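Enquirer: Let me see the structure of the following:
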Amino acid sequence: MHSALPLTDRNLILTGYTGPNAPRIGQMAAERLRLPFLNIDVQVTERAGLPPEEVRQFYGETRLRAIEADLIEEACLRRQTVIRVSARTLLRGDHLARLAATGPVICLVTTLDAVLRQLHIAMGSRYADPNERAIEIGELRKEWGVRGLPGVIDLDTTYLDTEHILERVIALWRERAIVRS
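Expert: Residues are numbered from 1 along each chain as shown. This is a model prediction of the structure:
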């Protein structure tokens with residue numbers, strides 16, 4: 001059992017795309033740190049009653065952006081929370097700057113080869129369909145748009161197992177979250 005109690009009131013913001021199960025890392029980090037977990041995409045779905053893609057399809061981009069803006073506003077009021085947010089959402093307006101002011105933003109990244117291997121496993125026979133594969137790679141490109149931006153810490157997870165990813169995420173958060181006077 002880990003006794004990783006928070007040393008700070010800062011949030012931990014996770015983004016990036018390392019494969020279909022990337023959001024699970026945020027949940028696991030929150031459990032390990034004994035902090036609340038907030039997944040902005042899940043919150044969009046709960047608030048709108050539809051996944052983000054369907055909100056965009058049925059109500060338009062403006063409605064989706066309004067919901068996301070409200071959720072980012074609420075997330076910025078939180079403290080000691082692990083927040084999972086897509087890069088697409090982070091890149092809109094001032095969302096990245098506002099969330100970065102509440103705690104370090106860590107972008108989980110991996111090589112394209114590693115992502116494709118994970119997609120092949122997760123998608124099964126759908127991976128053979130070039131259209132299905134193109135949709136997933138399009139999502140990957142959108143998510144990688146936040147890499148290397150000022151205020152974003154890139155964490156290469158290519159050769160790390162889940163336990164080591166969690167250890168590195170938590171260490172980076174602790175290192176960057178403690179505000180020095």
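Enquirer: switch to C-alpha atoms for all contacts and neighbour counts from now on
Expert: OK.
Enquirer: Relative to Gln118, how far out is the closest residue to Leu91 other than its chain neighbours?
Expert: Distances taken as CA to CA, 6 or more residues apart in numbering place Val146 nearest to Leu91, at 6.9 Å, with adjacent residues excluded. With the distance defined as CA to CA, to the nearest Å, Val146 ends up 21 Å from Gln118.
Enquirer: Comparing the two, which residue is more hemmed in?
Expert: When Val146 and Gln118 are compared on other CA atoms under 10 Å, the one with more neighbours turns out to be Val146, at 22 against 16.
Enquirer: residue boundaries of the helices in this protein?
Expert: Secondary structure of the chain, counting by DSSP state H: helices at 22-33, 40-48, 52-59, 61-76, 87-90, 95-100, 112-123, 130-143, 162-177.
Enquirer: what sits against Thr158?
Expert: In this structure, Thr158 makes contact with 109-111, 114, judged by CA atoms under 8 Å, 6 or more residues apart in numbering.
Enquirer: Which among those count as buried?
Expert: If you count burial by 16 or more other CA atoms under 10 Å, the buried members of the contacts of Thr158 come out as 109-110, 114.
Enquirer: I'd like those residues written out as CSV, with distance to Leu90 added.
Expert: Putting the buried ones among the contacts of Thr158 into CSV (distance: CA to CA, whole Å) gives the following:
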residue, distance to Leu90
Val109, 15
Thr110, 19
Ala114, 24
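Enquirer: Please state the backbone phi and psi of Pro104?
Expert: Per-residue torsions, Pro104: phi -70, psi 140 (degrees, to the nearest 10).
Enquirer: Confirm for me that it is in contact with Ile13.
Expert: Yes - contact between Pro104 and Ile13 holds when scored by CA atoms under 8 Å: they sit 6.1 Å apart.
Enquirer: Tell me where the model's unsure across this protein.
Expert: For the chain, applying pLDDT under 70 flags the ranges 1-7, 18-21, 179-181.
Enquirer: Could you list which residues are in contact with the closest residue to Ile165 other than its chain neighbours?
Expert: Nearest residue to Ile165 in three dimensions, chain neighbours excluded: Thr157, at 6.4 Å (CA to CA, 6+ apart). By CA under 8 Å, 6+ apart, the contact list for Thr157 reads 18, 108-110, 165.
Enquirer: closest to Glu54 among those?
Expert: Within those, proximity to Glu54 (CA to CA) peaks at Thr18, which comes in at 23.2 Å.
Enquirer: before we move on, back to that, export the contacts of Thr158 as TSV, with columns for distance to Met123.
Expert: As requested, those are exported to TSV (distance: CA to CA, whole Å):
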residue	distance to Met123
Val109	20
Thr110	18
Thr111	18
Ala114	14
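Enquirer: just curious, which of these is nearest to Arg63?
Expert: For the contacts of Thr158, the residue nearest Arg63 by CA to CA is Val109; the value is 29.2 Å.
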